[in-house]
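A.B. asks: With the input below, show me the fold.
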Amino acid sequence: MLLGLAFLALGGATLGAEDSLPPLPDGRVAKNLDELWGGYDPAKEPLETQVVRQWQEGEATCRHVVFTVGTFRGKPSRIAAFYAFPKSAGKLPAILDLHGGGQRAGLVPVIFMARNGYAGLSINWGGEPMEGAAAGDPNTDWGALDATQKGHNSHYGSMKPDAKTLDAVGSPRNNNWFLLVLAARRGLTFLQQQPEVDAGRLGVCGHSMGGKLTTDLAGIDARVKVAVPSCGGSGVAPAKVAAMPGSGLRGAESQWMADTIDDGAYIPRIRCPIMYLSPTNDFNGPLDSMVENWRTVGSRQVRYAISPHLNHRHAREFSVSEWLWFDEHLNGGPPLPRTPALEVSLNAPDGVPMATLKPDCAAEVVRADIYYSLDPHVLTRFWRDGQAKRQGDAWIARCPVMGTDQPLYVHANVYYPLRRAFVGYQWMDYRGTNEFAISSTMATVMPADLAKARIKATDAPETTIDDFARGWQDWYRLEWANPQVWAAATRKVKDPKWRGPDGARLAVDVKSPKDVELVIRLRKNDWGAYPGKPGGAFAACKIVKGTGQWQTLVYEPKDFSPTDAKTKAPLENWRYLTELELCGSAEAMQDGQSVKLGGQNWPEPRLFRNLRWVGNPMPALGASTEGKVVTPRNLG
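C.D. replies: Next comes the predicted model:
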């Protein structure tokens, strides 16, 4: 059913020219959230909702809508969105979806929500073309202002006035984040006013930049009853974290920004149940910042789902926990286990730190992992698996270290059986997922405490990077079902225990029933982990004979070519590596031209063993030779 440009009488009377936000009182700008948001009522003004078109996706009714955010400097700001809901005999819970940077309103998420019993709204705050839109269909139009990345990207970190800001003086109301949170609050108003929605059961979720918006919205709008920020919402690094040598993190640009724009101002105000959904190595929501800032969260119901080894994405056992969380708090679903308790003891007689994990509902636990690291660089940190052992209702892991001059970081994941089925949609499909994960927060032990407890450096370098006896435990895999572009990556080569010595070669045993090519990609000095040192990305390819027998492939630095034009210098040694990847294909620069490496059809199972350094002994414990045991310096 096409409704064209007809207006639905869902938002009340037509807006007048009066601005939604009053002028600055006596020219004074806001210095905190009370002053910034005080007096603003997101439900006061009419929405003037316009349904551009309506259609069915099975049992889900879908709409492309546009509604008013407000009037600013005499011009209306209108935002486009996708809205979907299922047939229901009663009022529905509803979820607001907030897309990430460079993205657009999500049709897939709201259809997924509708298929699983929710009304869903995804607002197009970035103004990108709406999926399936026809020529002339209305889209987001910020009017006299601009909160998009294309038109006003400078103002996610600025309060300065210009032709596209609200105030003529420096003001947090000039910052894009303020305008986007305001638009999200209007999105909640839209959901409240839909006849099929229970206005008392509203949730919010968002990824990346949408994760920050989710956290901030949950902190400023009491209508949010449950929230799940993804890969965003950690807050800027507190001084304690930013000051850590080698952390790679910066503190707040100013106290003013910290008090009015940063997540850290909103987090203490959060009262609703909230789950932090993020991987260990996320660039946009650094784990170390989240751990410190979320100590102040106002909610008494907090959960974490932290995928190991990944950056800006999730393993399905973790992402499915988001929907269990919504089910519990919006749809009467069973309660999730509480956040597992994690303690680190420094009192062992052998001088090795000991981590103890005590999960909720221990009898139901399928498995548990305890990870630890001594690398302060949060983005390239390798998380060692402590190979936790169960002792009654607890899991114990030894955490042997190679030195005590860096902090010890420890966190854990607990897996439970997944008994809830979800109706999938495209990439939001949980078929085959039979577990869900709940994570601990992270424990940090400072170097002074390690030294005071007389922790001993008992660990030593090894030539074997991975024997694969435990499968891909120390790796993350992408597109694994694709026989041409599959990949498995690890940061183990960043850890001093497995760093490659000068003069060594890289070897791996491979077995395949057909002729294929194995590509190895290397990343060097990713995210500036080693300031002032060379970086880049490289790839090398070797033929695997289809004998069905184990064969050894050996790679030298000279075998690797840059993968892009940005990488100028050749790979001369293994120093400053931050990631190693086994994969089916890659692009490489050879003789100034981009060529494709690999790409053969290599289906599962792909069999590997004994990834190792050969030809040169590893450095002695405690060695500090350049490139072997190097501590990253502070990037701030």
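A.B. asks: At the geometric centre of the protein, which residue do we find?
C.D. replies: With distances taken as C-alpha atoms, centre = their mean, the residue of the chain nearest its centroid is Cys231 (2.7 Å).
A.B. asks: What residues sit buried inside the helix or strand that contains Trp55?
C.D. replies: Counting by DSSP states H and E, the element that carries Trp55 is strand 50-57. Judged by neighbour count (16 or more other C-beta atoms under 10 Å), strand 50-57 contains these buried residues: 50-53. (C-beta placed from N, C-alpha, C; glycine too.)
A.B. asks: again with stretch 275-290
C.D. replies: In terms of neighbour count (16+ other C-beta under 10 Å), stretch 275-290 has its buried residues at 275-282, 284-290.
A.B. asks: first to last residue in it, what's the distance?
C.D. replies: 12 Å (C-alpha to C-alpha, to the nearest Å).
A.B. asks: any idea of the mean pLDDT for that stretch?
C.D. replies: On average, the pLDDT along stretch 275-290 is 98.
A.B. asks: With stretch 490-502 instead?
C.D. replies: 97.
A.B. asks: chain center to it, what's the gap?
C.D. replies: From the chain centre to the centre of stretch 490-502 is a distance of 25 Å (C-alpha atoms, centre = their mean, to the nearest Å).
A.B. asks: quick one: buried residues of it?
C.D. replies: Residues 490-501 are the ones in stretch 490-502 that count as buried (16+ other C-beta under 10 Å).
A.B. asks: out of all of them, which helix in the protein is the longest?
C.D. replies: Across the chain, the helix with the greatest residue count (assigned by DSSP state H) is helix 176-192.
A.B. asks: The helix or strand that that one is followed by pairs with which strands?
C.D. replies: As assigned by DSSP H and E, the chain's next helix or strand after helix 176-192 is strand 197-207. Strand 197-207 has the following sheet partners, assigned by DSSP bridges: strand 92-98 (parallel), strand 224-230 (parallel).
A.B. asks: Quick one, which of the ones you listed gets closest to Arg78.
C.D. replies: strand 92-98 (17.3 Å; C-beta to C-beta).
A.B. asks: Buried residues, whatever helix or strand comes next after that closest one. List them.
C.D. replies: Counting by DSSP H and E, the next helix or strand C-terminal to strand 92-98 is helix 107-115. Residues of helix 107-115 classed as buried by neighbour count (16+ other C-beta under 10 Å): 107, 109-115.
A.B. asks: same thing with stretch 331-338?
C.D. replies: Buried positions in stretch 331-338, judged by neighbour count with 16+ other C-beta under 10 Å: 336-337.
A.B. asks: which residues touch it?
C.D. replies: With contacts defined as C-beta atoms under 8 Å, 6 or more residues apart in numbering, stretch 331-338 is touched by 93, 117-118, 201, 303, 321, 324-325, 327-328, 359-361, 364, 414, 416, 420, 438.
A.B. asks: how far does that stretch stretch from start to finish?
C.D. replies: End-to-end for stretch 331-338, by C-alpha to C-alpha: 19 Å.
A.B. asks: for it, what is the average pLDDT?
C.D. replies: pLDDT averaged over stretch 331-338 gives 97.
A.B. asks: Over to stretch 247-263?
C.D. replies: If you average the pLDDT values across stretch 247-263, you get 96.
A.B. asks: do the same with stretch 526-541
C.D. replies: According to the model, stretch 526-541 has a mean pLDDT of 96.
A.B. asks: Straight-line length of that stretch, end to end?
C.D. replies: 21 Å.
A.B. asks: about what we covered before: following the chain onward from the strand holding Trp55, which element is next?
C.D. replies: strand 60-72.
A.B. asks: which other helices and strands contact that following strand?
C.D. replies: strand 50-57, strand 75-86, helix 107-115, helix 176-192 (3 or more C-beta pairs under 8 Å, 6 or more residues apart in numbering; DSSP states H and E).
A.B. asks: Could you check the angle that strand makes with strand 50-57?
C.D. replies: Put simply, strand 60-72 runs at 160 degrees to strand 50-57, going by axes from the mean of the first three to the mean of the last three C-alpha atoms, to 10 degrees.
A.B. asks: Note down every partner strand of strand 60-72 and its orientation.
C.D. replies: In the sheet, strand 60-72 lines up with strand 50-57 (antiparallel), strand 75-86 (antiparallel) (DSSP bridges).
A.B. asks: Helices of this protein, residue ranges please.
C.D. replies: 33-37, 107-115, 149-152, 176-192, 209-220, 239-242, 255-260, 263-266, 287-293, 316-330, 447-452.
A.B. asks: re the thing from before, wait, which of the buried residues of stretch 490-502 is closest to Ala586?
C.D. replies: Top of the list for closeness to Ala586, among the buried residues of stretch 490-502 and by C-beta to C-beta, is Thr490 at 16.2 Å.
A.B. asks: quick one on the thing from earlier: for the helices and strands packed on strand 60-72, which one sits closest to Phe608?
C.D. replies: helix 107-115 (34.2 Å).
A.B. asks: Outline the domain layout of the protein.
C.D. replies: Listed domain ranges for the chain are 1-199, 341-452, 464-614 (source: automatic domain parsing).
A.B. asks: I'd assumed Lys492 was in contact with Trp498.
C.D. replies: Yes. Judged on C-beta atoms under 8 Å, Trp498 makes contact with Lys492 at a distance of 4.5 Å.
A.B. asks: overlap in contacts of those two?
C.D. replies: Shared contacts of Trp498 and Lys492, defined by C-beta under 8 Å, 6+ apart, are found at Ile465.
A.B. asks: okay if I get the domains of the chain as a markdown table plus distance to Met209?
C.D. replies: Shown next, in a markdown table, are the domains of the chain (distance: least, C-beta to C-beta, whole Å):
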| stretch | distance to Met209 |
| --- | --- |
| domain 1-199 | 4 |
| domain 341-452 | 18 |
| domain 464-614 | 19 |
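A.B. asks: mind checking which of those is nearest Val241?
C.D. replies: For those, proximity to Val241 was assessed by C-beta to C-beta; domain 341-452 is nearest, at 8.5 Å.
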